[in-house]
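**Q** Test case, fold it:
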Amino acid sequence: MIAQMRDIVANELAPTATPDQPGGLAAALYAGRHVEFFNYGFADDTTRRPVTSDTLFNLGSLRKPFEATLVALGTLRGELRLDDRLPKYLPELTSDSIRRVTVGELVTHTSGLLLPTDHPPWPNEEFSRAQFIEMLNAWRPQSGEAPGKQRIYSHAGYVLLQLVLERCYGTPIATQLEQRIFRPLGMTATSVPERGEDNRAVMDAAWMQRVVQGYSDQGMAIGPPGNQQSYFDFPGTGQIFSSPRDLSTFVAACVDGHSVDPHLREALRMTQHEIFRVDEKFGQGMAWETVRLPEATVVDKPGGLNNASGYLGLVPARRIGIVLLANRGEYPHEIARYRILPALAKLVASH
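**A** Numbering: from 1, shown residues only. Predicted structure coming up:
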């Protein structure tokens, strides 16, 4: 059956990563304690350095399930509560609107929060921590919106969640992720580097040699290798970098965490649970989205920047997971949600 699964994945991916398309693509399939890797194209078109399963990609918003896992762990260990209101951790939030929001609403995108940094036209400037707090205090919900009553996807909400977690534990977000998730899962190639000059991730030379060059969907190089992007000019607000091999470990723990610490295993399950029903097809968990399809219920998280694309997809009922990472913007990751995962789920169900 693994050969059939491999064919399903390869047949869908190959047309999306042909030589005339910029950069490359890496994928990892986890199924029944077995991992298969798929690699196409180049980590750097100029040097013709090929993509491998150990190439380091910018994960964009695939960072969010990791932060959601920190929140879930905290609730399971009694260190924080989903119904805690934000001033418990950030008393500098002073306006009535933002003071009503809870940790649980931030992590499920149901707070109603939407800042100018969340949508086009994208700002040209960066904001300090003090300016970010000022923006939050100036925010007012749109008419008819209220905390917990709607799903509005917000990057700023997760930056705010970072500040909550850092205040709760008195520890930088990168350290929390390393100590509580990456290290316990054995993820040795995943980190949240600081941003240095030229918005470039601060990494040692050996790691930097494994990092991709990012491209637009039209093939223009954007930023140097290790490019990080943020509208916020304070520590911890850049992206996670990771490899397909490391993310296959994360996906395996999400759907099949047999050897994982019980608290962490339960936290990973908790993040996937649908908390807010958007409509009859879509739901929202803690960072993860739920998609009910005829063949399977898919739990997934897409992410992307103008020079990076990523996708994590799970079919928990069938213990299947997939990772897609591309070093170009606008990769058509929907093929995983609507074609690859349903086909794999159908195949597993028939055996």
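**Q** residues contacting residue 307?
**A** 58, 214, 215, 216, 222, 223, 227, 327, 328, 329 (CB atoms under 8 Å, 6 or more residues apart in numbering). (Glycine included, C-beta is placed from N, CA and C.)
**Q** Nearest residue to it in space, ignoring adjacent ones along the chain?
**A** Excluding the flanking residues, the one nearest residue 307 by CB to CB, 6 or more residues apart in numbering is residue 214, at 2.9 Å.
**Q** any idea how far the one you found is from residue 224?
**A** Computed as CB to CB, to the nearest Å, the residue 214 to residue 224 distance reads 9 Å.
**Q** So between these two, which is more surrounded?
**A** In this view residue 214 and residue 224 are compared by other CB atoms under 10 Å, and residue 214 has more residues nearby, 28 against 15.
**Q** Pretty sure the more buried one sits against residue 221.
**A** Yes: when contacts are counted by CB atoms under 8 Å, residue 214 is listed as touching residue 221 (7.3 Å).
**Q** Give me the distance between the most centrally placed residue in the chain and residue 220.
**A** Nearest to the geometric centre of the chain sits residue 62, at 1.2 Å (CA atoms, centre = their mean). Per CB to CB, residue 62 is found 23 Å from residue 220.
**Q** Same question for residue 165.
**A** Applying CB to CB, the value for residue 165 to residue 220 is 36 Å.
**Q** Comparing those two, which residue is more hemmed in?
**A** Shown here are residue 165 and residue 220; by other CB under 10 Å, residue 165 has more neighbours (23 against 13).
**Q** who's in contact with the closest residue to that one other than its chain neighbours?
**A** Closest residue to residue 165 apart from its sequence neighbours, by CB to CB, 6+ apart: residue 70 at 5.7 Å. Contacts for residue 70 (CB under 8 Å, 6+ apart) come out as 165, 176, 177, 180, 181.
**Q** Repeat that for residue 215.
**A** Residue 215 neighbours (CB under 8 Å, 6+ apart): 22, 23, 45, 221, 222, 307, 327, 328, 329.
**Q** 6 Å - rerun?
**A** 22, 23, 221, 307, 328 (CB atoms under 6 Å, 6 or more residues apart in numbering).
**Q** Now the phi/psi pair for the residue nearest to the centre of the chain, please.
**A** With angles defined as degrees, to the nearest 10, residue 62 sits at phi -70, psi -10.
**Q** In the stretch 201-350 of the chain, what residue spans correspond to helices?
**A** 205-208, 244-256, 262-272, 334-335, 341-349 (DSSP state H, counting those that start in this stretch).
**Q** Return the angle between stretch directions for the second one and helix 262-272.
**A** In this case it means helix 244-256. 90 degrees (axes from the mean of the first three to the mean of the last three CA atoms, to 10 degrees).
**Q** Tell me how far helix 244-256 lies from the chain's centre.
**A** 13 Å (CA atoms, centre = their mean, to the nearest Å).
**Q** Next: the third one.
**A** Between the centre of helix 262-272 and the centre of its host chain there is 16 Å, according to CA atoms, centre = their mean.
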